[in-house]
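Student: Sequence first, predicted coordinates after that:
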There are 2 protein chains.
Amino acid sequence: MTTPQLTKNQSLVFDVLEKAEGPLSAYTILDKLRDHGFRAPLQVYRALEKLLEYGVVHRLESINSFVACAHPGDDCHSHGIVAFAICESCGQVMEFHDHEVDHRLMAWVRGQKFKPEKTTIEIRGLCEACAA
Amino acid sequence: MTTPQLTKNQSLVFDVLEKAEGPLSAYTILDKLRDHGFRAPLQVYRALEKLLEYGVVHRLESINSFVACAHPGDDCHSHGIVAFAICESCGQVMEFHDHEVDHRLMAWVRGQKFKPEKTTIEIRGLCEACAA
DNA sequence: TTGCAAATGTTATGTTATTACATCAATTGC
DNA sequence: GCAATTGATGTAATAACATAACATTTGCAA
């Protein structure tokens, strides 16, 4: 999928996520955009919905937050399943891909005739700096 | 870890989850236990906290719900990372384990000197019956 | 220029989870 | 025995996350 031109709200939300150190909740994004005229959660959620669809933003299910994709200008979908390591101390997120993991999960899924739509892999713990 | 004797509230919550067809939200559990004297969400969340700790219940992060562990009488922790396939149509959940997936994720983690605490693997999609 | 689809604005509400504080019951140490 | 501690419970209030419903605006193509 190629990313279409972002609308005003989509750009604002994406910029906030890109400039952020780590993942942000929808309401945190809302607060950061009040100066730009944002008033309601839906303005954020609607933008996020599109950004997720375009693959330029990821949702972290285990912490109800969102991050910009770590592959600028690239298409995340081509990498297979995206996995995340989330530091519970500093909030830093590392994004990675492992084709063997994809392969094993998809093999299991095939065996069950299960039709996968969206797969979540999130490892919560402590990053090197915080574990020290 | 061996599971200690459950308290009254823990037993009530666990029984509800065991008898359920699929995952339940905390508030759904609350509703099912009103007849047994439950009045507040916290009664459910506190019981769930312990049941999760004992490993007899799993939390499904991507749907904010809880399921009884699919290995009755067994200790889930000994199986490594638990993965779930969740049917978005009928709500059915399949629980499985794949040592190779564990191995690959833990290898990545070691390479980053990341210290994992809790790992989530959830595949949302359609089960065989619902995909037909 | 009309008609449509997508995006936006706004209010209200629904859903999930926690904080704060009080009480009760079992256990331990003296 | 009986303080002291610990863990479980009860209750109210609130915080945090997400969507429904409806009105309006915008861009664009027939």
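Tutor: Ah, there it is.

Student: List phi and psi for residue A:25.
Tutor: Phi and psi for residue A:25, reported as degrees, to the nearest 10, are phi -80, psi 160.

Student: how about it, what does it touch?
Tutor: By Cβ atoms under 8 Å, 6 or more residues apart in numbering or on different chains, the contact set of residue A:25 is A:64, A:65, A:66. From N, CA and C alone the C-beta is placed, and that goes for glycine too.

Student: mind running it again at 10 Å?
Tutor: Neighbouring residues of residue A:25 by Cβ atoms under 10 Å, 6 or more residues apart in numbering or on different chains: A:31, A:44, A:60, A:63, A:64, A:65, A:66.

Student: Mind putting those residues into TSV with distance to chain B, neighbour count and pLDDT?
Tutor: As requested, the contacts of residue A:25 are exported to TSV (distance: Cβ to the nearest Cβ, whole Å; neighbours: other Cβ atoms under 10 Å in any protein chain shown; pLDDT from 0 to 100):
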residue	distance to chain B	neighbour count	pLDDT
A:31	23	13	96
A:44	19	25	98
A:60	9	21	98
A:63	9	19	98
A:64	9	13	98
A:65	12	21	98
A:66	14	23	98
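
Student: right, and the pair among those residues with maximum separation?
Tutor: Pairwise distances across those peak at 18.5 Å for A:31 and A:60 (criterion: Cβ to Cβ).

Student: tell me the domain ranges of chain A?
Tutor: A:8-68, A:76-131 (automatic domain parsing).

Student: returning to what we had before: out of the contacts of residue A:25, name the ones that lie in strands.
Tutor: Of the contacts of residue A:25, the ones assigned to strands by DSSP state E are A:60, A:65, A:66.

Student: which of these are close to DNA strand D?
Tutor: Intersecting the ones in strands among the contacts of residue A:25 with the contacts of DNA strand D gives residue A:65 (criterion: Cβ under 7 Å from any atom of the strand).

Student: can you put the ones in strands among the contacts of residue A:25 in CSV and add distance to residue B:27?
Tutor: Formatted as CSV, the ones in strands among the contacts of residue A:25 follow (distance: Cβ to Cβ, whole Å):
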residue, distance to residue B:27
A:60, 23
A:65, 22
A:66, 24
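
Student: Which single one of the ones in strands among the contacts of residue A:25 is nearest to DNA strand D?
Tutor: Nearest to DNA strand D among those, counting by Cβ to the nearest atom of the strand, is residue A:65 at 6.8 Å.

Student: wait, the closest one sits on residue A:124?
Tutor: No. Using Cβ atoms under 10 Å, residue A:65 is not in contact with residue A:124, being 11.9 Å away.

Student: Can you work out which residues contact both of those two?
Tutor: Common neighbours of residue A:65 and residue A:124 (Cβ under 10 Å, 6+ apart) are residue A:86.

Student: mind showing which ranges of chain A have poor pLDDT?
Tutor: Along chain A, segments meeting pLDDT under 70 span A:1-2, A:72-78.

Student: same thing but at 90, please
Tutor: A:1-5, A:70-81, A:131-132 (pLDDT under 90).

Student: Spatially central residue for it, please.
Tutor: Geometric centre of chain A, nearest residue: residue A:58, 1.4 Å, by Cα atoms, centre = their mean.

Student: Just the C-alpha atoms of the helix or strand containing it, please, in PDB.
Tutor: Residue A:58 belongs to strand A:57-60 when assigned by DSSP states H and E. C-alpha atoms of strand A:57-60 as PDB (Å, rounded to 0.1, in the frame of the first residue of the first chain):
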ATOM      1  CA  VAL A  57       1.700   4.300  12.800                       C
ATOM      2  CA  HIS A  58       1.400   1.200  15.100                       C
ATOM      3  CA  ARG A  59      -0.900   0.600  17.900                       C
ATOM      4  CA  LEU A  60       0.600  -1.000  21.100                       C
END
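
Student: Which elements pack onto that strand?
Tutor: Strand A:57-60 sits against helix A:8-19, helix A:41-54, strand A:65-68, strand A:83-87, strand A:93-96, strand A:115-126, with contacts defined as 3 or more Cβ pairs under 10 Å, 6 or more residues apart in numbering or on different chains; DSSP states H and E.

Student: Kind regards, and thank you for your time.
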